[in-house]
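Undergrad: next comes the sequence, and after it the predicted model I'd like to discuss.
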Amino acid sequence: MTRRFNYTGRQRITSEHFSANVISEDPLIAAVSLNLDGLKVTSEDRIVIEPYVGNIAKRIDCGQVSAPTVPVSLDLSDLSSGGSIQFRVKVSGKDGRLTAAGDRIRLTGLNEESGRRALLPVETNPTLGEQIWKIEVSESLHPKLILNSRIPSIESRLLDDPVFGGAVLLPAIRKVLEVLAETPDGDVWQQDWLEFARRWNPDTNPDHTLENDDRDEWIDTIITAFSRKQGFARRATEPTSGAAK
């Protein structure tokens, strides 16, 4: 294996920092996520995401690190007929020098198995009647969010519309956390969700039994921190909120 040396001091952005997953094949739409935690970047550095196929690319300016405007979804229809879509992610300073960058980050397919199962898989089903969504979870059943497929573009709306997304995801996550609080020592899906809980509430301790009031406070802390990061209300008040770019 050839060993490569980095003399520029530029940090590497990998699939651990950025991901793009297909949520619709026609039109081709991908959900994207970027987390720069652990990288030494400044609040004034600017972020650019570039999906590309061969020599054809589109540039998405995502603002500064201090207030990133990374879209929750991207319409990739104009790149869908040219081959395998990959991504470049660049973070640069005022002088234009790259402080962190990643390339050849691949787009994950709609039904593609990854090394790790999604935390909350989303499925559609036409038999929900007048229910818009429901959550399925138990001690031995991996959490699953089911959306009513009779509603047009409901999967895209979950990501594009912060009002709809917040109204569905937050109570769904709350329900999963309620079950987790009852079965924290489970080994089916619980360990992944404990990791999620610790991210938003570092005081999470599976060895500590929570009474009702303490459990509600624990869940509220996680929901509040997660909501703040996702910015559902903030994005809902923005003129271009949730629009795919």
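TA: Now that the structure is in, tell me what you want to look at. Numbering: from 1, shown residues only.

Undergrad: strands along the protein, start to end?
TA: 11-12, 18-25, 28-34, 46-53, 56-57, 60-64, 73-75, 86-92, 98-106, 122-125, 133-138, 141-148 (DSSP state E).

Undergrad: mind checking these for the one nearest to Ile223?
TA: The closest of the strands of the chain to Ile223 is strand 133-138. By CB to CB, the value is 14.3 Å. Heads up, the C-betas are built off the backbone N, CA and C, glycines and all.

Undergrad: and the spatially closest residue to Pro143 that is not a sequence neighbour, how many neighbours?
TA: Leaving aside its sequence neighbours, Pro143 sits nearest to Val137 (CB to CB, 6 or more residues apart in numbering; 4.1 Å). Val137: 20 surrounding residues under other CB atoms under 10 Å.

Undergrad: low-confidence stretches in this protein?
TA: 1-9, 81-83, 110-118, 240-245 (pLDDT under 70).

Undergrad: which residues touch the residue most central in space within it?
TA: Nearest to the geometric centre of the chain sits Ser33, at 4.6 Å (CA atoms, centre = their mean). Shown in contact with Ser33 (CB atoms under 8 Å, 6 or more residues apart in numbering): 18-20, 70.

Undergrad: Ala20 touches Ile29, doesn't it?
TA: No: the pair Ala20 / Ile29 is not scored as a contact, 10.4 Å apart, by CB atoms under 8 Å.

Undergrad: anything in contact with each of the two?
TA: In contact with both Ala20 and Ile29: Leu74, using CB under 8 Å, 6+ apart.

Undergrad: which of these two has more residues huddled nearby?
TA: Between Ala20 and Ile29, counted using other CB under 10 Å, the more crowded position is Ala20 (24 against 21).

Undergrad: next, count neighbours for Gly165.
TA: Counted with other CB under 10 Å, Gly165 comes out at 19.

Undergrad: ok, Ile105 next?
TA: Neighbours around Ile105, by other CB under 10 Å: 19.

Undergrad: how about it: what's its closest non-neighbour residue?
TA: Phe87 (4.4 Å).

Undergrad: one more: Thr108?
TA: Leaving out its chain neighbours, the residue that sits closest to Thr108 by CB to CB, 6+ apart is Asn21, at 4.5 Å.

Undergrad: my guess is the one you found contacts Ile105, does it?
TA: No: with contact defined as CB under 8 Å, Asn21 does not count as touching Ile105 (11.5 Å).

Undergrad: which of the residues in the longest helix seen in the chain are buried?
TA: The longest helix of the chain (DSSP state H) is helix 162-182. Buried residues in helix 162-182, counted by 16 or more other CB atoms under 10 Å: 162, 164-166, 168-170, 172-173, 175-177, 179-181.

Undergrad: which of these lies closest to Glu44?
TA: Pro162 (26.0 Å).

Undergrad: pretty sure that closest one contacts Gly231?
TA: Yes: with contact defined as CB under 8 Å, Pro162 reaches Gly231; the gap is 7.4 Å.

Undergrad: and stretch 60-76, how far apart are its ends?
TA: 12 Å (CA to CA, to the nearest Å).
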